[in-house]
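Engineer: Here is a sequence together with a model predicted from it:
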Amino acid sequence: MDIITPLFTVTASAVGGRNGHSETVDKAVSVDLSVPKEMGGPGKPDTVTPEHLFAAGYAACFAGALDFVAKQHKIDASHAKVSCSVSIGKRNPIGFALSVNLVIEDQKIPQEELSALVNEAHENICPYSHATRNNVKVTFDIIGA
């Protein structure tokens, strides 16, 4: 396990689990939660799931990591689009597990270069990638020039 020196810490709380409410202490994020109908829940409108939050966080974090790596190689990836799909499903014999698919698109960067940048960002920089490694299946679709 890596030992870190914290640069920033955010604290969030949830009440009511997947059919409740979650918010950060500073109120920057404040969301109502509802289990989707596909999982047997009420699927209330205008609500999110933990997977929504994870997908948004991973997409933003990975885009930042990609831009950081690209700048080190004197390449501009600041307009790369990173989309993150998070799936939840049953795990054998019990419980649930996640899988992630990241789609990275930048039509200004050649495919081979973009693939190398994505790999470097995933292996070395993105903390979400570090957190999921060897625990969550993460796949990539890379669309370059």
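Structural biologist: Yep, that arrived.
Engineer: hey, let's count contacts and neighbours off CA atoms from now on
Structural biologist: OK.
Engineer: Contacts for the host helix or strand of residue 128 next, please.
Structural biologist: In this structure, residue 128 sits in helix 127-132 according to DSSP states H and E. Helix 127-132 has contacts (CA atoms under 8 Å, 6 or more residues apart in numbering) with 58, 61, 62, 122, 123, 124, 138.
Engineer: can you rerun that using 6 Å?
Structural biologist: residue 122 (CA atoms under 6 Å, 6 or more residues apart in numbering).
Engineer: Flag every buried residue along that helix.
Structural biologist: Across helix 127-132, burial judged by 16 or more other CA atoms under 10 Å covers 127, 128, 129.
Engineer: now swap in stretch 38-54 and tell me
Structural biologist: So stretch 38-54, judged by 16+ other CA under 10 Å, has buried residues 43, 47, 48, 49, 50, 54.
Engineer: End to end on that stretch, go ahead and measure it.
Structural biologist: 18 Å (CA to CA, to the nearest Å).
Engineer: chain center to it: distance?
Structural biologist: 16 Å (CA atoms, centre = their mean, to the nearest Å).
Engineer: Give me the residues contacting it.
Structural biologist: With contact meaning CA under 6 Å, 6+ apart, stretch 38-54 is reached by 32, 33, 34, 35, 36, 37, 86.
Engineer: Separate out the buried members of those residues.
Structural biologist: Buried members of these, scored by 16+ other CA under 10 Å, are 32, 33, 34, 35, 36, 86.
Engineer: ok, the second one to residue 22 distance?
Structural biologist: Spelled out, that is residue 33. In terms of CA to CA, residue 33 sits 7 Å off from residue 22.
Engineer: now the buried residues of helix 127-132 as JSON lines including distance to residue 111 and pLDDT?
Structural biologist: Shown next, in JSON lines, are these (distance: CA to CA, whole Å; pLDDT from 0 to 100):
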{"residue": "127", "distance to residue 111": "24", "pLDDT": "96"}
{"residue": "128", "distance to residue 111": "23", "pLDDT": "97"}
{"residue": "129", "distance to residue 111": "21", "pLDDT": "97"}
